[in-house]
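Peer 1: The sequence and its predicted three-dimensional model are supplied below.
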Amino acid sequence: MTEQNTKAYLVGGGVAALAAAVFLIRDVGLEGSSIRILEELDLPGGSLDGTSLPAGYVTRGGRMLEEEAYTCLWDLLETIPTLSDPGTSMKQEIWEFNKKWPGNAQARLINADHEILDAATSASTPRPDGADPAAGTARATHQCPPY
């Protein structure tokens, strides 16, 4: 258990900060009310932000939650029950959804005219705030924290 005055401030409302918040609650015992997530944009979610449209739900950049990737995320989602069935984990629900509705992306990037762009030569997908999403980006290899 943590001391009552312990606070955590997480910068950015993307999947990394959201996961960090869950790990702080699950593994450290920090109360959710002691965690603040600071997000500059009106639309939370970082690179997994999305928007609800009449035709469905769209994520910027067309990211897919595939079984082969996101090892730490699957570890985390396995411990979170769904709202509709506490006996089913979020991981199970997403994998079942993916099996029922398999992705069939034919392109990584499209323009406003719905033309496929070459990802190797095109600029990154624009962010809602107009910032360059590639600026200052670094790649790292992460391991899941131990239980």
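Peer 2: Yep, it's here.
Peer 1: For the biggest helix by length in the chain, buried residues please.
Peer 2: In the chain, taking DSSP state H as the definition, the longest helix is helix 90-100. Using 16 or more other CB atoms under 10 Å as the test for burial, helix 90-100 gives Met90, Lys91, Glu93, Ile94, Trp95. Any C-beta I mention is one placed from the backbone N, CA and C, and that applies to glycine too.
Peer 1: Could you export the residues you listed as CSV, including pLDDT and distance to Leu65?
Peer 2: Putting the buried residues of helix 90-100 into CSV (pLDDT from 0 to 100; distance: CB to CB, whole Å) gives the following:
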residue, pLDDT, distance to Leu65
Met90, 90, 10
Lys91, 92, 10
Glu93, 91, 11
Ile94, 87, 6
Trp95, 89, 9
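Peer 1: re the thing from before, packing partners of the longest helix of the chain?
Peer 2: Packing contacts for helix 90-100, counted by 3 or more CB pairs under 8 Å, 6 or more residues apart in numbering; DSSP states H and E, involve helix 71-77.
Peer 1: Show the end-to-end separation of stretch 66-83, please.
Peer 2: Using CA to CA, to the nearest Å, the span of stretch 66-83 from its first residue to its last is 22 Å.
Peer 1: so how far is Trp101 from His114?
Peer 2: Distance, His114 to Trp101, by CB to CB, to the nearest Å: 21 Å.
Peer 1: one step back: quick check, nearest of the buried residues of helix 90-100 to Glu78?
Peer 2: Lys91 (4.5 Å; CB to CB).
Peer 1: what's next to the helix or strand hosting Ala19, contact-wise?
Peer 2: Ala19 belongs to helix 15-23 when elements are defined using DSSP states H and E. Residues lying outside helix 15-23 but in contact with it, judged by CB atoms under 8 Å, 6 or more residues apart in numbering, are 8, 10-11, 32, 35, 37, 45-48, 72-73, 76, 80, 145.
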